[in-house]
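> Dropping the sequence and predicted coords here.
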Amino acid sequence: EEEEEGWCYQLYPGHIPTSPLQKALLAAGSALMALRDPYRHDMVAVLGETTGCLALPNLRDKMKHHPEGYRILQERPCIRLSTLDMTKLRGLPDGALGREYVRFLEDNKVSPDTRMPPKFVDDEELAYVIQRYREVHDLMHTLLGMPTNMLGEVVVKWFEAVQTGLPMCVLGAVFGPVRLSTRKLQVLATELVPWAIRSGRNASCVLNVYYEQRWEQPVESLREEIGIFPPP
Amino acid sequence: AAGLCAYRVLLLRCGGALRTLRGCVRGLAAGPETHFGFQTVTEEERRDKIYQVFESVAKKYDVMNDSMSLGIHRVWKDILMHKMNPSPGTMLLDVAGGTGDIAFRFINYVRSVRERQLQRKLKHHQNLSWQEIAESYREDKLRSHGDSQVVVCDINREMLKVGKQKAQHLGYSEGLSWVLGNAEELPFDDDKFDVYTIAFGIRNVTRIDLALQEAYRVLKPGGRFLCLEFSHVSNPLLSRLYDLYSFQVIPVLGEVIAGDWKSYQYLVESIRRFPPQEELKAMIEDAGFLKVDYQNLNWGIVAIHSGFKL
């Protein structure tokens, strides 16, 4: 009965209620489309939402049982260009999280505002969790020191797969390398992936870090605190 | 299937509750009420929303049509053309003709009819005397499509843009023109066209009665009105399967292929809201058309309505 009501009402702006059959079709369709055209970020997002029904509650509980994560769930911070003070971040010393994050955004010409808002998650809190995961993704790149090319994305996906257990990350990690050259694959298999997995396993949950309150903290110190091994 | 029916009933019931609430709040707000899919909106809002839908889908319109109907929409449009059976020299107005599917088919059709005519003429000429052949040169040189003309009229700039690009790409130029216009208020004089078509467009018109009146106005006496549109399936089993496919698969296709769930949700809802065959027939008769009839295609999934201005 609760499920039916969920189908009926919009739980948050942008929410599209879907039936189980629709979710299954969406998952299959988005997976195929994302494989065919890796630049369809919206398909990767849809895949994440439709397959995250087990992993997302897991993540939410991890956050709830951690003091910093709990605060994040309560306060619901969002990383957006409008909420970031770019000048202040740029003014921070080299090596500080804020400074490196801005450098990452500028080097790779990306913006935190291009993240897809969640549509197919049928729980408002879980919708926030997946949104937070998406917003934190760029910070993952910064912490892991990985660029936004195919290789870098795959490495981050391996890390995230271990950390979050989201099927979308697992699929991305496994199928992403299909489009890489043999040389890159070698580097991936011998150095990067093992390091990503070890770090992912060792690190505490990355969603439990209130990044917005740690811009001044040096990246290395944050890495140590979370438990990410230095990149190769 | 039962679960799904419950889902839709619930959707309608919730829609009903929301409608009453919205109605109270809206109260004396702008304009008469109408529907946008399963929502209730004012006429102006509906026009705006529909404009946005087609602006958004224009680039992927043809791909989506093929995906949703598994290519069958091409057959439906071919059947419409065969029913029309235009002869060279026909003036066609294709309303809501956006990406040009009907217009291109029309041009192909009259071209092939013309070619056959010319071949017959050539064969006949084999038996003429030298004098008769010389005389025939004085006759007007007829163009390959035989003076046939098609005007594509659409309210949406994006759809027309896509249509023009297609025409250029496929090599259609002669006898084809593109006009931005509203079906409810056509920018043409009275008694101008031999045939008026509206394929999968009348469903999106807010005042169907006005569009039908305009159709009557711009047609020449003796002219024919043809409407190709989604209609109602009466067979209960087929209807259930069709609903299942419409509501479960089509919005998903919209999201996956075009990144646009909402427009395709609107599409399937608008089909359910559109008047069934007999009701549309009555509306066409009300506009003054005679000999109004309809032909079901695929058990009523689609219907072609026809009427004459006599």
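Good, I have the coordinates. Numbers count the residues shown, from 1 in each chain, chains lettered A, B, ... in the order given.
> Residue of chain A closest to chain B, please.
Nearest residue of chain A to chain B: residue A:29, at 3.7 Å (C-beta to the nearest C-beta). Heads up, the C-betas are built off the backbone N, CA and C, glycines and all.
> where does that residue land on pLDDT?
Predicted confidence (pLDDT) for residue A:29: 94.
> Excluding sequence neighbours, find me the nearest residue to residue B:164.
residue B:178 (5.8 Å; C-beta to C-beta, 6 or more residues apart in numbering or on different chains).
> nope, residue A:168 is what I was after
residue A:48 (3.7 Å).
> Please, which helix or strand holds that neighbour?
Here residue A:48, judged by DSSP states H and E, is contained in helix A:41-51.
> quick one: contacts of the helix or strand just after that helix?
Downstream of helix A:41-51, the first helix or strand assigned by DSSP H and E is helix A:55-64. Residues from elsewhere that reach helix A:55-64, judged by C-beta atoms under 8 Å, 6 or more residues apart in numbering or on different chains: A:69-70, A:72-73, A:121, A:123, A:125-126, A:129-130, A:133, A:164-167, A:205, A:207-208.
> Taking chain B, what residue is nearest to chain A?
Counting by C-beta to the nearest C-beta, chain B gets nearest chain A through residue B:256, at 3.7 Å.
> low pLDDT regions in the stretch 51-200 of chain B?
Applying pLDDT under 70 to the stretch 51-200 of chain B picks out residues B:138-146.
> for chain B, what are the nearby residues on chain A?
Among all residues of chain A, those adjacent to chain B (criterion: C-beta under 8 Å from any C-beta of the partner chain) are A:4, A:7-9, A:16, A:19, A:21-22, A:25-26, A:29-30, A:32-33, A:40, A:42-43, A:46, A:119.
> In ChimeraX, select just the buried ones from the residues you listed.
Burial among those is assessed by 16 or more other C-beta atoms under 10 Å in any protein chain shown; the matching ChimeraX selection reads:
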select /A:4,7,8,16,19,21,22,25,26,29,30,33,40,42,43,46,119
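> Quick check, residue B:205 in contact with residue B:211.
Yes - taking contacts as C-beta atoms under 8 Å, residue B:205 lies within contact range of residue B:211: 4.6 Å.
> hang on, the earlier thing: enumerate every residue touching the residue of chain A closest to chain B.
By C-beta under 8 Å, 6+ apart, the neighbours of residue A:29 are B:252-253, B:255-256.
> what do you get for residue A:146?
By C-beta under 8 Å, 6+ apart, the contact list for residue A:146 reads A:140, A:152-153, A:155-156, A:231.
> let's see 7 Å
A:152, A:155-156 (C-beta atoms under 7 Å, 6 or more residues apart in numbering or on different chains).
> Then residue A:219?
With C-beta under 7 Å, 6+ apart, residue A:219 has these contacts: A:95, A:97, A:100, A:142-143.
> Output the helix or strand hosting residue B:50 as CSV, nothing but the C-alphas.
Using DSSP H and E, residue B:50 falls within helix B:43-57. Extracted as CSV, the C-alpha positions of helix B:43-57 are listed here (Å, rounded to 0.1, in the frame of the first residue of the first chain):
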residue,chain,number,x,y,z
GLU,B,43,-5.9,26.7,-22.4
GLU,B,44,-3.0,29.0,-22.5
GLU,B,45,-0.9,26.8,-20.2
ARG,B,46,-1.7,23.8,-22.4
ARG,B,47,-0.6,25.6,-25.5
ASP,B,48,2.7,26.6,-23.8
LYS,B,49,3.3,23.1,-22.4
ILE,B,50,2.7,21.5,-25.8
TYR,B,51,5.0,23.9,-27.5
GLN,B,52,7.7,23.0,-25.0
VAL,B,53,7.1,19.3,-25.5
PHE,B,54,7.7,19.5,-29.2
GLU,B,55,10.5,21.9,-28.9
SER,B,56,12.2,19.4,-26.7
VAL,B,57,11.5,16.3,-28.8
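> Helices of the stretch 101-250 of chain B, residue ranges please.
For the stretch 101-250 of chain B, the helices defined by DSSP state H, counting those that start in this stretch cover B:101-125, B:130-136, B:157-170, B:208-218, B:236-244, B:250-253.
> Give me the phi and psi for residue A:39.
phi -80, psi 0 (degrees, to the nearest 10).
> about what we covered before: could you figure out how far whichever helix or strand comes after the helix holding residue B:50 is turned away from helix B:101-125?
Toward the C-terminus, helix B:43-57 is succeeded by helix B:61-69 as the next helix or strand (DSSP H and E). Between helix B:61-69 and helix B:101-125, the angle comes out at 100 degrees (axes from the mean of the first three to the mean of the last three C-alpha atoms, to 10 degrees).
> Buried residues in helix B:61-69, which are they?
B:61-62, B:64-65, B:67-69.
> How are the strands of chain A distributed by residue range?
Secondary structure of chain A (DSSP state E): no strands present.
> Check it for its longest helix and report it.
helix A:124-144 (DSSP state H).
> so what does it touch, helix or strand wise?
helix A:55-64, helix A:97-107, helix A:150-164, helix A:219-226 (3 or more C-beta pairs under 7 Å, 6 or more residues apart in numbering or on different chains; DSSP states H and E).
> re earlier: of the buried residues of helix B:61-69, which is the nearest to residue A:79?
residue B:64 (34.2 Å; C-beta to C-beta).
> On the strand side of things, show who the one residue sitting closest to the centre of chain B bridges to.
The residue lying closest to the centre of chain B (C-alpha atoms, centre = their mean) is residue B:199, at 1.3 Å. With DSSP bridges applied, residue B:199 shows beta-bridge pairing to residue B:228.
> Wait, it touches residue B:228, no?
Yes - judged on C-beta atoms under 7 Å, residue B:199 makes contact with residue B:228 at a distance of 4.1 Å.
> Low-confidence regions, chain A specifically.
A:1-8.
> change it to 50
A:1-7 (pLDDT under 50).
> Tell me how many other residues surround the closest residue to residue B:239 other than its chain neighbours.
Leaving out its chain neighbours, the residue that sits closest to residue B:239 by C-beta to C-beta, 6+ apart is residue B:233, at 4.5 Å. By the measure other C-beta atoms under 10 Å in any protein chain shown, the count of residues near residue B:233 is 20.
> Which secondary structure element is home to residue B:93?
With DSSP H and E as criterion, residue B:93 is part of strand B:91-95.
> Against residue A:69, how distant is the residue of chain A closest to chain B?
Relative to residue A:69, residue A:29 is positioned 33 Å away (C-beta to C-beta, to the nearest Å).
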